[in-house]
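I'd like to go over a predicted model; first the sequence, then the structure.
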Amino acid sequence: MSGVESTHRRPSAPARLVRFGLRLLAAILLLYVALVAAATVFQRQLMYHPDPTLVAPNVPGLPIQQVRLTTADGEHLVAWYLPPAAGKPIILYFDGNGGVLSRQTDRWWAIVRAGAGFLAVGYRGYSGSTGHPTEAGLHEDARAAYAWVAARYPARDIVIQGHSLGSGVAVRLAAERPARALILESPFTSTVDVAERWAPLLPVRLFIRDRFMSRDWIGRVHCPVLVVHGDRDGVIDFTSGRQLFALANPPKTFVRMPGGGHDDLVGRGLYDHIWPFLGVAPEPGTIDAIPR
């Protein structure tokens, strides 16, 4: 067969480059699809970081009570309660996505310093509460907590406060229930907006289920609003707090905490801004007794 010529030719360099590019593009596309699928499936594990451990109140000098609440959908919540002094407000507090009641000692002392009280709720799945966290579930938790407080105190004495994820819980509750004031610490406009900042290449608007649309609810709040945000917040951008504040009805106050991060505002004097906003003075004789 010595007279037969082969018709098989090795692809040219440009053709090989095109094939390589197509394979690389396919691999990138496959990786992107897998990333979107993982974000869709595990989104709640990314959003909520519950510690289910039940820890009894043990803050020396503070007679905090542990109370149990039952939600409309049958979950049993653990909450920490300390009644206020006569004539002082009670703060209904909602923490962030990794909140643990036993790790808020500085906050509880700051509240007691002014003679105020608090009810702090362990969301479902957190701090010994039953269930698993979802947006709908956390709103039910908030309603159960409000009902418990409202059965004991008038609305004019109830202050709703939320930190980080808890700001989304607090905004909607204040839109649904009367209160003396709404305090938002390191808030966002929505979890969709936060996710877009963290993952700008993912189509988060298409798959996020728990959206906490505070920007849609804040206009329905008709009590005084205080927004406090650190200008070096590395979790929820400072502009988010400004944007949410712009959407709120007056009367409203915005406090910029210079150098403040996401979780350090209590130590930077958060409550020194809260008490004048609420018209609350420190209790006589308590300042020197409270740990700093």
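Perfect, I can see it now.

Quick one: mean pLDDT for stretch 176-194?
Averaged over stretch 176-194, pLDDT sits at 96.

go on, stretch 239-258?
The pLDDT scores in stretch 239-258 average 98.

And the helices in the protein, which stretches?
13-41, 43-47, 105-113, 135-150, 165-176, 191-198, 204-207, 214-217, 238-247, 270-278 (DSSP state H).

Show me what Tyr93 bridges to in the sheet.
As for beta bridges, Tyr93 partners with Ala120, Gln161 under DSSP bridges.

Quick one: low-confidence residue ranges for the protein.
Applying pLDDT under 70 to the chain picks out residues 1-9, 11, 20, 24-25, 28, 30, 32-46, 283-292.

Where do the domain boundaries of it fall?
For the chain, automatic domain parsing gives the domain ranges 12-41, 50-289.

can you list those domains in a markdown table and add mean neighbour count?
Any C-beta I mention is one placed from the backbone N, CA and C, and that applies to glycine too. Output for those, formatted as a markdown table (neighbours: other C-beta atoms under 10 Å):
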| stretch | mean neighbour count |
| --- | --- |
| domain 12-41 | 11 |
| domain 50-289 | 19 |
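
and the residue nearest the centre of the chain, how far is that from Pro224?
Nearest to the geometric centre of the chain sits Leu165, at 0.9 Å (C-alpha atoms, centre = their mean). Distance of Leu165 to Pro224, computed by C-beta to C-beta, to the nearest Å: 22 Å.

Please apply the same query to Arg177.
Separation of Arg177 from Pro224 (C-beta to C-beta): 15 Å.

again with Met213
Taking C-beta to C-beta, one finds Met213 at 22 Å from Pro224.

now do Thr191
Distance, Thr191 to Pro224, by C-beta to C-beta: 25 Å.

Likewise for Arg256?
Distance, Arg256 to Pro224, by C-beta to C-beta: 18 Å.

before we move on, what about Leu77?
The gap separating Leu77 from Pro224 is 27 Å, by C-beta to C-beta.

now Asp264
On the measure of C-beta to C-beta, Asp264 and Pro224 end up 25 Å apart.

what's the answer for Ala145, then?
Using C-beta to C-beta, Ala145 is found at 20 Å from Pro224.

do the same with Leu69
26 Å.

cool, Tyr81 as well?
On the measure of C-beta to C-beta, Tyr81 and Pro224 end up 24 Å apart.

next one: Ser240
20 Å.

One more: Pro276?
Distance, Pro276 to Pro224, using C-beta to C-beta: 12 Å.

same question, Leu54
To Pro224, Leu54 is 35 Å away according to C-beta to C-beta.

Next: Thr253.
Thr253 sits 8 Å away from Pro224, taking C-beta to C-beta as the criterion.

Excluding sequence neighbours, find me the nearest residue to Asp141.
Once flanking residues are discounted, Asp141 sits nearest to Tyr123: 5.3 Å by C-beta to C-beta, 6 or more residues apart in numbering.

who's in contact with Thr189?
Taking C-beta atoms under 8 Å, 6 or more residues apart in numbering, we find Thr189 in contact with Ser214, Arg215, Ser240, Gln243, Leu244, Leu247.

mind running it again at 7 Å?
Ser214, Arg215, Ser240, Gln243, Leu244 (C-beta atoms under 7 Å, 6 or more residues apart in numbering).

likewise Gly99?
Going by C-beta under 7 Å, 6+ apart, Gly99 touches Tyr126.

switch the cut-off to 8 Å
Applying C-beta under 8 Å, 6+ apart, we find Gly99 in contact with Gly122, Tyr123, Tyr126, Ser127, His163, Leu165, Gly166.

Pipe those into CSV and attach distance to Val59 per row.
Shown next, in CSV, are the contacts of Gly99 (distance: C-beta to C-beta, whole Å):
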residue, distance to Val59
Gly122, 15
Tyr123, 20
Tyr126, 18
Ser127, 14
His163, 18
Leu165, 23
Gly166, 20
